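K.L.:
Give me coordinates for this.
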Amino acid sequence: MQSGDSKILKLCLSQEKYYPYFRLLLIVAAGFFAYSNTFNNPFIFDDAPNIINNPAVRSFNAATLGSRRAFGIFTFQINYFLSGANVFSYHLVNLLVHISAALLVYAMLAQLFKTPYWRRCSAAPGAELPIPFFTALVFVAHPLQPQAVTYIVQRFASLATLLYILAVVCYLRGRICQQEARLSIVRISGWFALMALSGLLAIFTKEIAYTLPLALVAVELLFFDVSRAKIVKLSLVAVALFMAILARFLTAGTQLSDIISRLDETTKVQTIVSRWDYLLTQFRVICTYLRLLFLPVNQSIDHNYSVSHSLMEWRVALAFLLLASILLLSLWLIRVSGSGNAHLRLIAFGILWFFLTLSIESSFLPIIDLIFEHRGYLPSVGFFLATVTLVLSFAWARETLLARQRAVTVLLLLAMLLTAATWKRNLVWADEARLWADAVTKNPYSSRAWNNLGGVLIIRKDGDKALRALIRSVELDSSRADALNNIGMALDLMGAYRDRFNRTKEMFSDPQSVQGETVNRWLGDVYNNLGLAYELTGNLPKAAENYRNAIGYYPAQGLAYYNLGIVSAAMKDYGKYAEQLQILMMFNPPLAERLQLRVGNNVLR
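P.N.:
Have a look, this model is predicted:
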């Protein structure tokens, strides 16, 4: 057993012969196995509108160059040009991006071990720890990552991460070569040029890359010998680069006060949540990301977070105190690591990386979706770095071979479990109905999840189940127009009832249609449809209530009187039935005759 453990330790540590390449091969193998069941997964959720049905993707055109995510869109254009709507090539590219990002994580941490600070602290535990290998292995295998890999459109997140880390690697290579003075100025300049190109492409892939200048400053300050004068210069350079990024949002006549508003547009849908409320909510959201990274259970495509409005809310206050404590811990670790505790500085760097790379989407720049798991993709590098370093440094501090063998064995077993969990999580992504069924099971109060489940069931011609899902969606959020419209489509699948409702559509796409009478007519139709949905699922009192709502919004809605008459008779409320019949006789005699034929005259005798 001792011999076997020694071999495992050698596998994770040795620099002899092919051992480093074998470690890289393990990372690649873990990635391919974890996502081996995704290549035929269909386009899901926002994939179709953003890829297959997106004119910007279906053809190469100059207009795409003006997009904030031009490079990410360009990769989808290549996919579409080569394979059209065949999902295999999209999933293959996404997986290659993910595995490449993991290998770059390995490269970045290996380069950190060559920096002046690390060489100066080489006598301390840390230089021999297999931190790059296990950080990259956990990164590639973790179950939180599928939403950035299997969810095709979120290539924006994974590709931006790859380019972001590549820029850091190039910066490290250039600075290390400068320190060692072993390469020509042309070679060194080449590393910095590649850094600039990678950073620029990352910025034009997703907005999370806007923090890259600050990440490079953190690398410089923490791992290179920096004078105070250089700190000032670095700060000025970082500010200049950041302002250059902000300049992308400036146009002729734009005021400085508009810059932040333009940064709000990190998604295609705007939100009315205030900056302060969004920030307060993100304290809780960040804690959820940490929990999912530490214990990846109850994952969902829709977490259905409520908005927080006060720092005095106990959940917000506790989250704020926890996050503030972690940040203060990182500053303390930086201070005490100056005496040579290199692993403490690496933990601090991981913490700062996590918060810095999450700051664009989890701070004061409101986005309509409060939480999405793919937003943890780039920050997870810092989390895994900090936790892996903590575990390994603790084992190495005991200075016994057995403790080190146990640590690497446990981490290898953990990586295997994470890989299996990711493979299992990807089964949920294999079917869109299964994905949204999973969402409503874990978050039964999410109106969007119920509506999207209903929409998928409509596509599959399952009108009865779709109606039940859509009714639940409207019960949770009566203002959800898409769910109200979807009810009409679900009713249409049940062809026997087509004479009792009107199909509706989203009217707000035409500004001229948003007028009092048009809105009331639409509300009359959708509430009539909702009433019919309740009737068909056996809830007659709720059906009657919604028919009355339809009449209240649009008194000329003859079908609502007709349907209310039918339901009233079914509930043996013959007085209400007679009332609806009398109204119809006055302004729609043919419909009144239909009602009499359907219910029968004997109920009035």
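
K.L.:
wait, what's in contact with Ile44?
P.N.:
Counting by CB atoms under 8 Å, 6 or more residues apart in numbering, Ile44 touches Tyr151, Ile152, Trp429, Glu432, Leu435. Just so you know, the C-beta spots here come from the backbone N, C-alpha and C atoms, and that holds for glycine as well.

K.L.:
any idea how far the last one lies from Arg425?
P.N.:
Yep, that's Leu435 we're talking about. 11 Å (CB to CB, to the nearest Å).

K.L.:
repeat for the fourth one
P.N.:
Distance from Glu432 to Arg425, counting by CB to CB: 15 Å.

K.L.:
Assign a three-state SS to Ala556, would you?
P.N.:
Of the three states, Ala556 takes coil under DSSP: H, G, I helix; E, B strand; the rest coil.

K.L.:
give the contact list for it.
P.N.:
Contacts of Ala556 (CB under 8 Å, 6+ apart): Gly524, Phe587.

K.L.:
Mind pulling the model confidence for it?
P.N.:
Note for Ala556: predicted pLDDT of 88.

K.L.:
Repeat that for Ile326.
P.N.:
So Ile326 comes in at 96 (pLDDT).

K.L.:
what residues are up against the nearest residue to it once chain neighbours are set aside?
P.N.:
Nearest residue to Ile326 in three dimensions, chain neighbours excluded: Ile351, at 6.0 Å (CB to CB, 6 or more residues apart in numbering). Contact partners of Ile351, counting by CB under 8 Å, 6+ apart, are Ile326, Leu327, Leu329, Ser330, Leu333, Gly382, Ala386.

K.L.:
CSV please, covering those residues and showing secondary structure.
P.N.:
CSV is the format used below for the contacts of Ile351 (three-state DSSP):
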residue, secondary structure
Ile326, helix
Leu327, helix
Leu329, helix
Ser330, helix
Leu333, helix
Gly382, helix
Ala386, helix
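
K.L.:
Low-confidence ranges, this protein, go.
P.N.:
For the chain, the stretches with pLDDT under 70 are 1-5, 122-128, 181-183, 227-235, 237-271, 496, 505-517, 601-605.

K.L.:
mind giving me the domain split of it?
P.N.:
2-225+264-428, 432-604 (automatic domain parsing).

K.L.:
hang on, the earlier thing: what about burial for the contacts of Ile351, which qualify?
P.N.:
By neighbour count, with 16 or more other CB atoms under 10 Å, the contacts of Ile351 hold Ser330, Leu333, Gly382, Ala386 as buried.

K.L.:
Can you tell me how far the residue nearest to the first one when sequence neighbours are not counted is from Asn563?
P.N.:
To tie it back to what came earlier, the one meant is Ser330. Of all residues not flanking Ser330 in the chain, Ile351 sits nearest, at 3.9 Å (CB to CB, 6+ apart). The gap separating Ile351 from Asn563 is 60 Å, by CB to CB.

K.L.:
In terms of secondary structure, what does the longest helix belonging to the chain contact?
P.N.:
Once the chain is assigned using DSSP state H, the helix that runs over the most residues is helix 401-428. Judged by 3 or more CB pairs under 8 Å, 6 or more residues apart in numbering; DSSP states H and E, the packing partners of helix 401-428 are helix 2-13, helix 19-34, helix 131-141, helix 146-149, helix 379-397, helix 432-442.

K.L.:
hmm, 6 Å instead?
P.N.:
Contact here means 3 or more CB pairs under 6 Å, 6 or more residues apart in numbering; DSSP states H and E; on that basis helix 401-428 packs against helix 2-13, helix 19-34, helix 131-141, helix 379-397, helix 432-442.

K.L.:
deepest of those, which one?
P.N.:
Among those, helix 131-141 has the highest mean neighbour count (mean count of other CB atoms under 10 Å), at a mean of 27.

K.L.:
Run the angle between that one and helix 379-397 for me.
P.N.:
Put simply, helix 131-141 runs at 140 degrees to helix 379-397, going by axes from the mean of the first three to the mean of the last three CA atoms, to 10 degrees.

K.L.:
neighbouring contacts of helix 131-141?
P.N.:
12, 23, 27, 30-31, 34, 102, 105-106, 109-110, 384-385, 388-389, 411, 415, 418-419, 422 (CB atoms under 6 Å, 6 or more residues apart in numbering).

K.L.:
On the three-state scheme, Gln15 is what?
P.N.:
Taking three-state DSSP, the label given to Gln15 is coil.

K.L.:
From Phe133, how far out is it?
P.N.:
12 Å.

K.L.:
Count the residues that sit near Met312.
P.N.:
9 (other CB atoms under 10 Å).

K.L.:
picking up where we left off before, switch the contacts of Ile44 over to CSV; also include distance to Phe60.
P.N.:
Putting the contacts of Ile44 into CSV (distance: CB to CB, whole Å) gives the following:
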residue, distance to Phe60
Tyr151, 24
Ile152, 19
Trp429, 29
Glu432, 29
Leu435, 32
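
K.L.:
list the buried ones in the longest helix of the chain?
P.N.:
Buried residues in helix 401-428, defined by neighbour count with 16+ other CB under 10 Å: 404-405, 407-408, 411-412, 414-415, 418-419, 421-423, 425-426, 428.

K.L.:
for stretch 542-551, same thing?
P.N.:
Lys542, Ala543, Ala544, Glu545, Asn546, Tyr547, Arg548, Asn549, Ala550, Ile551.
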